[in-house]
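Asks: Here you go, sequence then predicted model.
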Amino acid sequence: MSDVVDSPTCRVVRAGDAFVGKQALTYAPGISAESVGSRGIHLQTVTMPPGARARAHLHEGHETALHVLSGVAGMWYGPRLEHHMWNRAGDYVYIPAGVPHLPYNASRTETCIAVIARTDPNEQESVVLLPELDEVRPAGEDPMA
(Lines give C-alpha, C1' and ligand atoms only; values in the text may rest on other atoms or scores of the structure.)
Protein backbone atom coordinates (compact mmCIF):
# COMPACT_ATOMS: atom_id res chain seq x y z
CA MET A 1 0.00 0.00 0.00
CA SER A 2 1.20 3.58 -0.54
CA ASP A 3 3.09 5.57 2.10
CA VAL A 4 1.09 7.86 4.35
CA VAL A 5 2.02 11.53 4.01
CA ASP A 6 2.58 13.86 6.97
CA SER A 7 0.48 16.76 5.66
CA PRO A 8 -3.04 16.40 4.27
CA THR A 9 -3.21 16.31 0.50
CA CYS A 10 -5.32 14.77 -2.24
CA ARG A 11 -4.24 11.28 -3.25
CA VAL A 12 -4.90 8.58 -5.83
CA VAL A 13 -4.81 5.09 -4.36
CA ARG A 14 -4.84 1.80 -6.22
CA ALA A 15 -6.67 -1.07 -4.56
CA GLY A 16 -4.50 -2.87 -2.06
CA ASP A 17 -3.93 -6.59 -1.99
CA ALA A 18 -7.12 -8.51 -1.37
CA PHE A 19 -7.46 -10.04 2.09
CA VAL A 20 -10.00 -12.18 3.92
CA GLY A 21 -11.40 -10.23 6.86
CA LYS A 22 -12.60 -11.49 10.23
CA GLN A 23 -16.06 -11.71 8.68
CA ALA A 24 -14.81 -14.39 6.19
CA LEU A 25 -15.32 -12.18 3.10
CA THR A 26 -12.69 -10.94 0.64
CA TYR A 27 -11.90 -7.22 0.64
CA ALA A 28 -9.71 -4.98 -1.53
CA PRO A 29 -8.80 -1.92 0.56
CA GLY A 30 -8.60 1.55 -0.90
CA ILE A 31 -8.85 4.58 1.35
CA SER A 32 -7.83 3.96 4.97
CA ALA A 33 -5.69 5.16 7.82
CA GLU A 34 -2.93 2.93 6.45
CA SER A 35 -3.09 4.05 2.82
CA VAL A 36 -3.61 7.81 3.13
CA GLY A 37 -3.77 8.63 6.83
CA SER A 38 -7.56 8.85 6.85
CA ARG A 39 -8.97 9.71 10.26
CA GLY A 40 -12.66 9.04 9.77
CA ILE A 41 -13.39 6.87 6.74
CA HIS A 42 -12.44 3.60 5.12
CA LEU A 43 -13.38 2.74 1.52
CA GLN A 44 -12.96 -0.67 -0.07
CA THR A 45 -14.64 -3.29 -2.22
CA VAL A 46 -15.99 -6.63 -1.09
CA THR A 47 -16.30 -9.59 -3.42
CA MET A 48 -18.60 -12.47 -2.55
CA PRO A 49 -18.35 -15.51 -4.79
CA PRO A 50 -21.51 -17.52 -5.47
CA GLY A 51 -22.92 -18.91 -2.23
CA ALA A 52 -20.48 -16.99 0.01
CA ARG A 53 -21.64 -16.13 3.51
CA ALA A 54 -20.10 -13.84 6.10
CA ARG A 55 -19.81 -14.63 9.77
CA ALA A 56 -22.35 -12.83 11.96
CA HIS A 57 -20.82 -9.59 13.19
CA LEU A 58 -21.28 -5.92 14.02
CA HIS A 59 -19.10 -2.81 13.75
CA GLU A 60 -18.76 -1.35 17.20
CA GLY A 61 -19.19 2.43 17.13
CA HIS A 62 -19.04 2.73 13.33
CA GLU A 63 -21.61 3.20 10.56
CA THR A 64 -21.39 1.38 7.23
CA ALA A 65 -22.68 2.34 3.78
CA LEU A 66 -22.59 0.04 0.75
CA HIS A 67 -23.26 0.39 -2.94
CA VAL A 68 -23.90 -2.92 -4.72
CA LEU A 69 -22.14 -2.95 -8.08
CA SER A 70 -23.14 -6.41 -9.28
CA GLY A 71 -25.05 -9.47 -8.16
CA VAL A 72 -27.73 -10.05 -5.54
CA ALA A 73 -27.02 -10.35 -1.84
CA GLY A 74 -29.23 -11.02 1.10
CA MET A 75 -28.60 -9.78 4.61
CA TRP A 76 -29.99 -10.90 7.93
CA TYR A 77 -29.82 -8.16 10.56
CA GLY A 78 -31.08 -7.17 14.00
CA PRO A 79 -30.29 -8.31 17.56
CA ARG A 80 -31.16 -11.95 16.71
CA LEU A 81 -30.84 -11.60 12.91
CA GLU A 82 -34.62 -11.57 12.77
CA HIS A 83 -34.88 -9.12 9.86
CA HIS A 84 -33.96 -9.69 6.22
CA MET A 85 -33.31 -7.50 3.18
CA TRP A 86 -32.33 -8.03 -0.45
CA ASN A 87 -29.55 -5.95 -2.02
CA ARG A 88 -29.30 -5.81 -5.81
CA ALA A 89 -26.95 -4.07 -8.24
CA GLY A 90 -27.57 -0.32 -7.99
CA ASP A 91 -28.86 -0.44 -4.39
CA TYR A 92 -27.38 1.59 -1.54
CA VAL A 93 -27.47 0.03 1.93
CA TYR A 94 -27.02 1.67 5.33
CA ILE A 95 -26.05 -0.27 8.46
CA PRO A 96 -26.10 1.71 11.72
CA ALA A 97 -23.25 1.31 14.19
CA GLY A 98 -23.59 -1.70 16.45
CA VAL A 99 -26.27 -3.54 14.44
CA PRO A 100 -25.59 -7.29 14.09
CA HIS A 101 -25.72 -8.46 10.48
CA LEU A 102 -24.90 -11.43 8.30
CA PRO A 103 -24.62 -10.79 4.55
CA TYR A 104 -24.51 -13.55 1.97
CA ASN A 105 -24.45 -13.99 -1.80
CA ALA A 106 -27.89 -15.27 -2.77
CA SER A 107 -26.74 -16.58 -6.15
CA ARG A 108 -25.19 -19.96 -6.87
CA THR A 109 -23.73 -18.68 -10.16
CA GLU A 110 -23.07 -14.90 -9.96
CA THR A 111 -20.42 -13.03 -7.97
CA CYS A 112 -21.65 -10.11 -5.87
CA ILE A 113 -19.41 -7.03 -5.64
CA ALA A 114 -20.02 -3.93 -3.52
CA VAL A 115 -18.20 -0.76 -2.50
CA ILE A 116 -18.14 -0.27 1.26
CA ALA A 117 -17.54 2.95 3.18
CA ARG A 118 -17.21 2.81 6.95
CA THR A 119 -16.52 5.46 9.58
CA ASP A 120 -13.69 3.30 10.96
CA PRO A 121 -10.50 4.30 9.09
CA ASN A 122 -8.87 1.07 10.28
CA GLU A 123 -11.80 -1.09 9.01
CA GLN A 124 -11.17 -4.38 10.82
CA GLU A 125 -10.62 -2.86 14.28
CA SER A 126 -14.33 -2.28 14.90
CA VAL A 127 -15.39 -5.79 13.78
CA VAL A 128 -16.95 -7.80 16.61
CA LEU A 129 -17.73 -11.39 15.67
CA LEU A 130 -20.96 -12.85 17.03
CA PRO A 131 -20.46 -16.64 16.85
CA GLU A 132 -23.60 -17.18 18.92
CA LEU A 133 -25.61 -15.83 15.96
CA ASP A 134 -23.86 -17.78 13.18
CA GLU A 135 -26.29 -20.69 13.46
CA VAL A 136 -29.40 -18.54 13.98
CA ARG A 137 -29.63 -18.32 10.19
CA PRO A 138 -28.14 -21.50 8.72
CA ALA A 139 -26.50 -21.27 5.31
CA GLY A 140 -28.99 -21.75 2.52
CA GLU A 141 -32.06 -20.84 4.56
CA ASP A 142 -34.72 -19.28 2.31
CA PRO A 143 -35.93 -16.00 3.89
CA MET A 144 -39.07 -16.08 1.76
CA ALA A 145 -40.19 -19.53 2.98
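Replies: Happy to help now that I have it.

Asks: Mind listing the residues bridging to the residue nearest to Ile95 when sequence neighbours are not counted?
Replies: Nearest non-adjacent residue to Ile95, counting by Cβ to Cβ, 6 or more residues apart in numbering: Thr64, 4.2 Å away. C-beta: built from backbone N, CA, C; applies to glycine. Beta bridges link Thr64 to Ile95, Arg118, judged by DSSP bridges.

Asks: Could you double-check that Thr64 sits in contact with Pro103?
Replies: No - using Cβ atoms under 8 Å as the test, Thr64 is too far from Pro103 to be in contact (10.4 Å).

Asks: re earlier: show me the contacts for the residue nearest to Ile95.
Replies: 94-95, 116-119 (Cβ atoms under 8 Å, 6 or more residues apart in numbering).

Asks: what comes up buried for stretch 117-129?
Replies: Applying a neighbour-count criterion of 16 or more other Cβ atoms under 10 Å, the buried positions in stretch 117-129 are 118, 120-121, 123-124, 126-127.
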